[in-house]
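J.: Okay, structure incoming, though there's no sequence with it:
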């Protein structure tokens, strides 16, 4: 019997370390989480559980009403802040809409919430859970990963998505098939789907990238904090070194940090900075109001420049193109969507229109909106004191 001890890594661990090594350390050490920052996680788990219930028995699936009843039993509004109640109430509509478009009785789901483990090399093992695996009419397989985030990632970068690659890599070996593809399904967007099938070369490239990160994790002894937008929703913020000026842990739980002389001094600077930023925002609002008045006057007089003793105002006329995003997503196929960035890149779609099939082109043009724009550029005279 082998005595080799496998180190187990999941996509969640790998992605957490990539985002912030200190957050990874908190995660693997099972540090207590701030419940005020776990709404997205709790909501996601609840929606996932309801979808598991919906698809787990393809021969006798529950009705939509039964799924919603199951969902309602997983959370309670008592004691919840109003924004959390609203989020979970929205989940009912999301489930109803997704199941209407993807009825379980018409889906050949061969597995739901399927746990897996697979050797990555001689000493490392990948573990995880696949939300759902469907067998398609042509005999191929599709891995479904539900997403409850409202943000849709860059479709052009799916070939760099470690999660999809790991799932395809694992299931190709488990199913003994090379006809496996993986999809992200955004249930908050009506089940909008982004699908990719990795080549063997792409899978091997990502396998090597994963092993490189694993080696970094194994060699890391500092687990330094990496700050970014994710800090705002991090459930470990209260115990993170990057936030030590904000919190302290008391016998009664979390409390604002007690300021010493140095902290008082810097907080005064922070307060001043925030007041300045707030004032600038107010001025920006006034600036936009004044620009609107100037736009209207310049357009009525057909002017491109206006003058005063303090400087000049330049007027530039143009057109702004926009599209009905849900309509465009419905009109385009998945292959075309991969050429777009985020939910919709208007400039790329404009460049793409002429290459579309005639019927698709007509659909897209019908969803196109063109709005006239007037840009106002104010140029004060150099050296002029324009304090207000």
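T.: Arrived safely, thanks for sending. This one's a predicted model, so the numbers in the text were calculated from it and none came from an experiment. Numbering: from 1, shown residues only.
J.: Number of residues surrounding residue 370?
T.: Neighbourhood size, residue 370 [other CB atoms under 10 Å]: 9. C-beta here means a position set from N, CA and C on the backbone, and glycine is covered the same way.
J.: what residues are up against it?
T.: 319, 320, 321 (CB atoms under 8 Å, 6 or more residues apart in numbering).
J.: Which of those residues fall in helices?
T.: Nothing among these maps onto helices, per DSSP state H.
J.: Nearest to residue 191 among those?
T.: Closest approach between those and residue 191, by CB to CB: residue 321, at 27.6 Å.
J.: Would you mind giving the secondary structure of the closest residue to residue 103 other than its chain neighbours?
T.: Residue nearest to residue 103 in three dimensions, not counting chain neighbours: residue 61, with 7.9 Å by CB to CB, 6 or more residues apart in numbering. For residue 61, the assignment made with DSSP: H, G, I helix; E, B strand; the rest coil gives coil.
J.: Which pLDDT value belongs to residue 61?
T.: The model reports residue 61 with a pLDDT of 91.
J.: Help me confirm that it comes into contact with residue 52.
T.: No - with contact defined as CB atoms under 8 Å, residue 61 does not reach residue 52; the gap is 11.7 Å.
J.: Same drill for those two, tell me which one is more crowded.
T.: Shown here are residue 61 and residue 52; by other CB under 10 Å, residue 61 has more neighbours (20 against 15).
J.: And stretch 216-224, what's buried?
T.: 217, 223 (16 or more other CB atoms under 10 Å).
J.: now do stretch 345-359
T.: Applying 16+ other CB under 10 Å to stretch 345-359 flags 345, 349, 352, 356 as buried.
J.: still on that earlier bit, ramachandran angles for the residue nearest to residue 103?
T.: For residue 61, the backbone dihedrals are phi -70, psi 150 (criterion: degrees, to the nearest 10).
J.: shaky segments in this structure?
T.: Counting by pLDDT under 70, the chain contains low-confidence ranges at 1-6, 245-267, 332-344, 374, 376-388.
J.: Distance from the helix ranked longest in it to the middle of the chain?
T.: Secondary structure assigned by DSSP H gives helix 261-301 as the longest helix of the chain. Distance, stretch centre to chain centre, for helix 261-301: 30 Å (CA atoms, centre = their mean, to the nearest Å).
J.: List the buried residues of the helix or strand just after it.
T.: Going down the chain from helix 261-301, the next helix or strand is strand 305-308, by DSSP states H and E. Neighbour counts using 16+ other CB under 10 Å place residue 306 of strand 305-308 among the buried residues.
J.: Could you do stretch 318-334 as well?
T.: In stretch 318-334, counting by 16+ other CB under 10 Å, buried: 323, 328, 329, 331, 332.
J.: same thing with stretch 71-81?
T.: For stretch 71-81, the buried set under the neighbour-count rule, 16+ other CB under 10 Å, comprises 71, 72, 75.
J.: thought residue 162 was touching residue 13?
T.: No - using CB under 8 Å, residue 162 is not in contact with residue 13, being 11.2 Å away.
J.: where exactly do the strands run in the chain?
T.: Assigned by DSSP state E, the chain shows strands spanning 7-10, 109-119, 124-135, 141-147, 180-186, 192-196, 247-250, 253-256, 305-308, 311-323, 368-380.
J.: Please tabulate these in TSV and include distance to residue 17 as additional columns.
T.: TSV is the format used below for those (distance: least, CB to CB, whole Å):
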stretch	distance to residue 17
strand 7-10	9
strand 109-119	19
strand 124-135	14
strand 141-147	20
strand 180-186	21
strand 192-196	23
strand 247-250	23
strand 253-256	25
strand 305-308	56
strand 311-323	38
strand 368-380	43
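J.: Quick check: residue 179 vs residue 274, distance?
T.: 56 Å (CB to CB, to the nearest Å).
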